[in-house]
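>>> My questions concern the predicted model and sequence given below.
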Amino acid sequence: MDAAAAGLGLFVGQKATDAAALVPELVTAEADPAADGAALEALCDWCARFSPAVAIDPPDCLFLDITGVAHLWGGEAAMADDLTARLAANGIPVRVSAAATVGAAWALAHFAAGITIAAPGEEMARLAPLPASALRLERETAAQLGRLGLTTVGRLAGTPRDQLTRRFGPEVVRRLDQARGRAEEALGFRRPPNPWFVRLAFAEPISTPDDLTRAAGDIAARLCARLEAEGRGARRFELCFHRLDGVAQRLFVGLSLPGRAATRIVRLFAPHLESIDPGFGIEVVTLAAEAVERLSPRQQTLDSGGEISPEDGIAPLVDRLAARLGTAAVWRAEPFASHAPERAAARRPPLTLSQEGAWDLKRPRPLRLFSRPEPIEAIAPVPDDPPVFFRWRGLAHRVRRAEGPERLAREWWRLAFNEAADPVLVRDYYRVEDEAGGRFWLFRAGLHTGPAPAKWWMHGLFG
């Protein structure tokens, strides 16, 4: 029933003959519950742009958990306006409400006009003038409450609970508590379907390690064949073993570059298959691909015989190391825009393209840079000259050659270069070589004319 029919006094559940007698020009159509359910599921998946947790409440309602996401739209009201405008542009009329409880949100969406936002603690004040059927009661129960004069939620809330329970059972009190937030209510959120998903079921449960390895290979071959047919590759794969007792055990592997080679993926899963406990047996195995991207073969040189797979090269080695050591242990250094040497490099995924420029070759940096500068004792002939002698970690070093200084000013938007160093304004760096051939990177923190005496620090080694 659309808005025009409702304006003529028609209502859902009315007999077709009575409706036709009231509105002779009434246009009716056969109901199609299956199509309505499919449309509601499609709308649920579409609403994932507003919230990752969306639940279906047939036949005409969706629940969105917007906890922690409403601020991305500038608040609940702005989010509701955006949702309403997008649906209206597609010819879908909607009533939207936001509340702290599922029951209150449902009641306001179905019985309040326009967009309704109920702040926490205002649920009962907003629900009080609504009819008792707003509590999602059975039609017979709501009709019986109306005959007793309990026509609104407010009157129902003022009735003793024991009397309601004796007369109508626990349903009325439970729905009232759910709307108030005094009783828990679980929702079954619908996860958006992943098109890159394969399921493998067995006639007889499997449990041996060889069977698990064989199943992983078979299901990987199926999914990778689909990816190759579509010209795509994935960066993450989730392998799940479903036991007879309902326990699901999941394994995850990631690729540094999008891939679709089944043997390579199974090789990454192989070391982790030993952690799978089959219990009384595995009845279903599933494999899902995530972060799917377009992937096409490429020819690296003009004289190469045939096409070269994007998965060739160093990528398989990087993936094996990440699978064994963890993704946090495999990385590459990339230049980072910072005056402070200890912040001039950042960790990046090993095979990603560089976002910054190259290091300045005119200002060489040591191969080994200490995360925290270490204090040293140094002697310089005059205050601003490089040192001729220094002592570090108990060993004396006599300087044979020195280059510098290279003056680096403190980043004014930070308090200090390093927590271990004094909060001085400048550093003077020197590249020095001792009589044994060792090359060091030293700096003097502070100026001799400053309020605090200058100090010497060791920051890195060149060889």
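Yep, it's here. Keep in mind that what you see is a predicted model, and the values were worked out from it rather than measured.

>>> Mind listing what's buried along stretch 176-194?
176-181, 190 (16 or more other Cβ atoms under 10 Å). For the C-beta atoms, the positions are set from N, CA and C on the backbone; glycine is no exception.

>>> what's the longest strand in this structure?
What stands out as the longest strand in the chain, according to DSSP state E, is strand 395-409.

>>> What's the first helix or strand after the helix or strand encompassing Glu140?
When secondary structure is defined by DSSP states H and E, Glu140 falls within helix 139-147. On the C-terminal side of helix 139-147, the nearest following helix or strand under DSSP H and E is helix 153-157.

>>> Tell me which residues are up against the next helix or strand after that following helix.
Remark: after helix 153-157, the chain's next helix or strand is helix 161-168, criterion DSSP H and E. With contact meaning Cβ atoms under 8 Å, 6 or more residues apart in numbering, helix 161-168 is reached by 141, 144-145, 156, 172-173.

>>> which of those residues sit farthest apart?
The largest separation in the contacts of helix 161-168, counting by Cβ to Cβ, is between Gln144 and Val173 at 14.9 Å.

>>> which of those two has more neighbours?
Set Gln144 next to Val173 and count neighbours by other Cβ atoms under 10 Å: Val173 wins out with 18 against 15.

>>> Provide the backbone phi and psi angles at the more buried one.
phi -70, psi -40 (degrees, to the nearest 10).

>>> quick one, what contacts it?
Each residue near Val173 by Cβ under 8 Å, 6+ apart is listed here: 161, 164-165.

>>> Highest neighbour count among those residues?
Most crowded among the contacts of Val173, counting by other Cβ under 10 Å, is Leu164 at 19 neighbours.

>>> what about Gly68, is that helix, strand or coil?
Three-state call for Gly68 (DSSP: H, G, I helix; E, B strand; the rest coil): coil.

>>> Of the contacts of helix 161-168, which is the nearest to Val96?
So of these, ranked by how close each gets to Val96 (Cβ to Cβ), first place is Leu156, at 24.9 Å.

>>> follow-up on the earlier one: ok, the longest strand of the chain: who's next to it in the sheet?
strand 389-392 (antiparallel), strand 426-434 (antiparallel) (DSSP bridges).

>>> Residues in contact with it: which ones?
Against strand 395-409 from outside (Cβ under 8 Å, 6+ apart): 339-341, 363, 384, 386-391, 425-436, 438, 440, 443-444.

>>> picking up where we left off before, closest one of the contacts of Val173 to Asp57?
For the contacts of Val173, the nearest to Asp57 is Leu164 (24.2 Å; Cβ to Cβ).

>>> re earlier: tell me what the helix holding Glu140 is packed against?
helix 161-168, helix 170-180 (3 or more Cβ pairs under 8 Å, 6 or more residues apart in numbering; DSSP states H and E).

>>> which residues of the stretch 201-350 of the chain fall in strands?
232-243, 248-259, 282-294, 332-335, 345-348 (DSSP state E, counting those that start in this stretch).

>>> Report the distance from the longest one to the chain centre.
So that's strand 282-294. Centroid separation for strand 282-294 versus its chain: 18 Å, with Cα atoms, centre = their mean, to the nearest Å.

>>> That one - what's its average pLDDT?
For strand 282-294, the mean pLDDT works out to 91.

>>> next one: the fourth one
The predicted model assigns strand 332-335 a mean pLDDT of 76.

>>> Quick one: list the elements packing against that strand.
Under the contact definition 3+ Cβ pairs under 8 Å, 6+ apart, strand 332-335 sits against strand 345-348.

>>> what about the helix or strand hosting Ala35, average pLDDT?
Taking DSSP H and E as the criterion, Ala35 maps to helix 33-46. If you average the pLDDT over helix 33-46, you get 91.

>>> Next secondary structure after it?
Trace forward from helix 33-46 with DSSP H and E and the next one is strand 54-57.

>>> and whatever helix or strand comes next after that following strand, average pLDDT?
Sequence-wise, the next helix or strand downstream of strand 54-57 (DSSP H and E) is strand 61-64. Averaging pLDDT along strand 61-64 gives 95.

>>> Kindly report the same for stretch 144-153.
91.

>>> Relative to Asp45, how far out is the most centrally placed residue in the chain?
Taking Cα atoms, centre = their mean, the centroid of the chain lies closest to Pro52, which sits 9.4 Å from it. Computed as Cβ to Cβ, to the nearest Å, the Pro52 to Asp45 distance reads 12 Å.

>>> What of Gln178?
Taken as Cβ to Cβ, the span from Gln178 to Asp45 is 26 Å.

>>> same question, Glu122
Look at Glu122 and Asp45: by Cβ to Cβ, they are 32 Å apart.

>>> go on, Ala315?
Distance from Ala315 to Asp45, by Cβ to Cβ: 33 Å.

>>> the more surrounded of these two?
Taking neighbours as other Cβ under 10 Å, Ala315 and Asp45 compare with Ala315 leading, 19 against 13.

>>> residues contacting the more buried one?
Ala315 neighbours (Cβ under 8 Å, 6+ apart): 255-257, 259, 351.

>>> Can I get the buried ones among these as something I can paste into ChimeraX?
ChimeraX command restricting those to the buried ones, with burial defined by 16+ other Cβ under 10 Å:
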select :255,256,257,259
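
>>> any idea which of the contacts of Ala315 is closest to Arg332?
Leu351 (8.1 Å).

>>> May I ask you to confirm that that closest one is in contact with Val318?
Yes. Between Leu351 and Val318 there is a contact at 6.2 Å, judged by Cβ atoms under 8 Å.
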